[in-house]
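Novice: coordinates for the following, if possible.
(one chain, ligands or ions: 1)
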Amino acid sequence: MRSTRCHPDGLMLFEPTVHEDDRGAFFESFNALAFAEATGTSAYFAQDNQSISSAGVVRGLHYQLPPYAQGKLVRVSAGRVFDVAVDLRDGSDTFGRWFGVELSAVNHLQLWIPPGFAHGFLALEDGSEVLYKTTEFWHRESERALRWDDPDIGIAWPAEGLRIIISDKDALAPGFAELTNSAPARLA
Ligand SMILES: Cc1cn([C@H]2C[C@H](O)[C@@H](COP(=O)(O)OP(=O)(O)O[C@H]3O[C@H](C)C(=O)[C@H](O)[C@H]3O)O2)c(=O)[nH]c1=O
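Specialist: Residues are numbered from 1 along each chain as shown. You can find the predicted model right below:
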């Protein structure tokens, strides 16, 4: 399992070693020791989540307020998505900065997103399956959303030629300016 630090600091990309033979392939999709050694954090996860999305679906940007803030380890088992994290950590020098990467069933890449980031993705193919571990349980009351296409964050979504499909909840999500103007100044 190779790991690469990303920016904003704290984000990390994992690439498993894929063992191929005449039957197909095998790889460790999660290893608690490798994860803990690479991230310096415990490998405790409360939930495994899975969503299936058609091409053009945007899920997010979502996060949970403390004490229910979730770290997420995200991978794709079918199709491909553009996965995005936005830094909303209290006191962060990169507050509001985003990072995006294509995760796919072909590249096997996994993105570690520590607590304090908003998370979302754009499905680039029909039937894209996203699997992710979360460090905290889902807590509906502390769930918050941020507009996926907010100009102040300026995520460069590779949406060319895709018809965007979002939930009613995400269609009503506040923008970054609205969010940061409301107390507290730091969101997660
Ligand atoms: C998150 C969650 C949702 N639900 C229920 C609530 C709804 O009845 C249904 C769909 O929920 P939602 O529309 O919030 O699903 P997504 O839009 O995929 O939300 C996720 O999108 C982005 C990408 C994330 O990182 C979050 O984990 C999560 O917010 O599943 C549960 O039962 N458990 C859960 O942990």
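Novice: got the residues of this structure near the ligand?
Specialist: Within the chain, the residues that sit near the ligand (CB under 6 Å from any ligand atom) are 49, 51, 59-60, 62, 72, 119-121, 138, 167. In short, each C-beta sits where N, CA and C put it, glycine included.
Novice: most neighbours among those residues, please name it.
Specialist: Neighbour counts for those (other CB atoms under 10 Å) peak at Phe121, which has 30 neighbours.
Novice: His108: which of the residues of the chain next to the ligand is nearest?
Specialist: Phe121 (16.1 Å; CB to CB).
Novice: report the contact partners of that closest one.
Specialist: 53, 58-60, 74, 81-84, 103, 130 (CB atoms under 8 Å, 6 or more residues apart in numbering).
Novice: quick revisit: widest-spaced pair of the residues of the chain next to the ligand?
Specialist: The most widely separated members of the residues of the chain next to the ligand are Lys72 and Ser167, with 18.2 Å between them, by CB to CB.
Novice: quick check: Asn31 touching Met1?
Specialist: Yes - at 5.9 Å, Asn31 and Met1 qualify as touching, with contact defined as CB atoms under 8 Å.
Novice: who's more crowded, those two?
Specialist: Taking other CB under 10 Å, Asn31 and Met1 do not tie; Met1 has more neighbours (17 against 14).
Novice: residue contacts, the more buried one?
Specialist: 14-17, 28, 31, 34, 38.
Novice: in CSV: those residues, plus pLDDT and secondary structure.
Specialist: Output for the contacts of Met1, formatted as CSV (pLDDT from 0 to 100; DSSP: H, G, I helix; E, B strand; the rest coil):
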residue, pLDDT, secondary structure
Phe14, 98, strand
Glu15, 97, strand
Pro16, 97, coil
Thr17, 97, coil
Glu28, 97, coil
Asn31, 96, coil
Ala34, 95, helix
Ala38, 96, helix
